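# whatever this is, show me its structure:
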Amino acid sequence: MKKAFIYRPAKTSMQSGKGKTKNWLLKFEDTKSGINPLMGWESSTNTLSELNLEFSSKEEAIKYAKKNNINYELIEPKGRKIIKKSYSDNFIK
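Residues are numbered from 1 along each chain as shown. Purely as a prediction, here's the structure:
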């Protein structure tokens, strides 16, 4: 049985922008990966592990998974906790 994860990707830690974080992703679980004896790279015979599907909403991703009989795990995004500080707070403490 196919298993997938539905999640909204977090922003990259290398940039301050939030690009590519608006869409929801459906990513299949990689179950059988191993080391390729010839090159030494990690490889898999399951091509679904290479597939990432993008959806504009969470409901569309869930609907697609149910329609295609895919077991899925929904991972809700965590909210950001923003602490507003003044520049002068760096020198007061």
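
# the host helix or strand of Glu54: how far from the chain's middle?
Element membership for Glu54, per DSSP states H and E: strand 52-55. The chain centroid and the centroid of strand 52-55 are separated by 10 Å, computed with C-alpha atoms, centre = their mean, to the nearest Å.

# in it, which residues are buried?
If you call a residue buried by 16 or more other C-beta atoms under 10 Å, then strand 52-55 has these buried ones: Leu53, Phe55. In short, each C-beta sits where N, CA and C put it, glycine included.

# that one packs against which elements?
When contacts are defined as 3 or more C-beta pairs under 8 Å, 6 or more residues apart in numbering; DSSP states H and E, strand 52-55 packs onto strand 24-28, helix 58-67.

# which of these sits most buried?
strand 24-28 (a mean of 19; mean count of other C-beta atoms under 10 Å).

# export it to PDB, keeping only CA atoms.
Output in PDB follows, covering the C-alpha atoms of strand 24-28 (Å, rounded to 0.1, in the frame of the first residue of the first chain):
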ATOM      1  CA  TRP A  24       1.000  21.900  -0.100                       C
ATOM      2  CA  LEU A  25       3.100  19.000  -1.100                       C
ATOM      3  CA  LEU A  26       2.200  15.300  -1.300                       C
ATOM      4  CA  LYS A  27       5.400  13.300  -1.000                       C
ATOM      5  CA  PHE A  28       5.500   9.500  -1.000                       C
END
